[in-house]
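[1] sequence unavailable; structure follows:
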């Protein structure tokens with residue numbers, strides 16, 4: 001999966017587009033920018049997290065603990081039950097105290113993709129968890 005995305009959305013191109021978008025937003029008078037990433041998008045966001053003031057990662061994929069180091073903005077780390085629990089715990093532990101102080105780490109007892117394309121928003125259980133994840137993410141992103 002990562003090889004495919006590396007071809008169609010190489011990390012260097014994602015970074016270039018991210019910088020372009022943030023510069024445009026700031027040029028339009030937007031001073032604070034937060035960002036949310038789902039699945040592999042969370043990994044791409046983690047690699048570019050220094051560009052924004054706060055981040056939210058919902059059912060993230062492909063993280064490394066190294067990507068957490070040095071980031072200072074508030075973080076919402078919201079994995080599903082399918083993500084590597086030890087990796088998520090170590091990623092959170094590697095974040096700065098500043099990132100954790102205004103952030104949140106919560107694992108949801110549902111499948112990977114529960115808040116995006118693999119969800120069924122009409123399912124009461126999935127809908128409840130997806131809405132909660134978005135509310136937590138929004139509360140952290142508001143601190144950008």
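    Nice, thanks for sending it over. Note that the structure is a prediction, hence the values are computed from the model and not measured.
[2] count of neighbours near residue 100?
    15 (other CB atoms under 10 Å). C-beta coordinates here come from the backbone N, C-alpha and C atoms, glycine included.
[3] what about the helix or strand containing it, average pLDDT?
    Following DSSP states H and E, one finds residue 100 within helix 97-101. The average pLDDT within helix 97-101 is 86.
[4] what's it in contact with?
    68, 71, 72, 73, 74, 75, 92 (CB atoms under 8 Å, 6 or more residues apart in numbering).
[5] surely residue 114 and residue 80 touch.
    Yes: contact criterion CB atoms under 8 Å: residue 114 and residue 80 qualify, at 5.5 Å.
[6] among the contacts of helix 97-101, which are in helices?
    residue 92 (DSSP state H).
[7] residue 35: which of the contacts of helix 97-101 is nearest?
    residue 73 (9.8 Å; CB to CB).
[8] pretty sure that closest one sits against residue 144.
    Yes: judged on CB under 8 Å, residue 73 makes contact with residue 144 at a distance of 6.8 Å.
[9] show me where pLDDT drops low in this protein?
    Across the chain, the ranges flagged by pLDDT under 70 are 1-6, 8.
[10] so the most centrally placed residue in it: helix, strand or coil?
    For the chain, the residue nearest the mean C-alpha position is residue 57 (2.0 Å; CA atoms, centre = their mean). Classification of residue 57 using DSSP: H, G, I helix; E, B strand; the rest coil returns strand.
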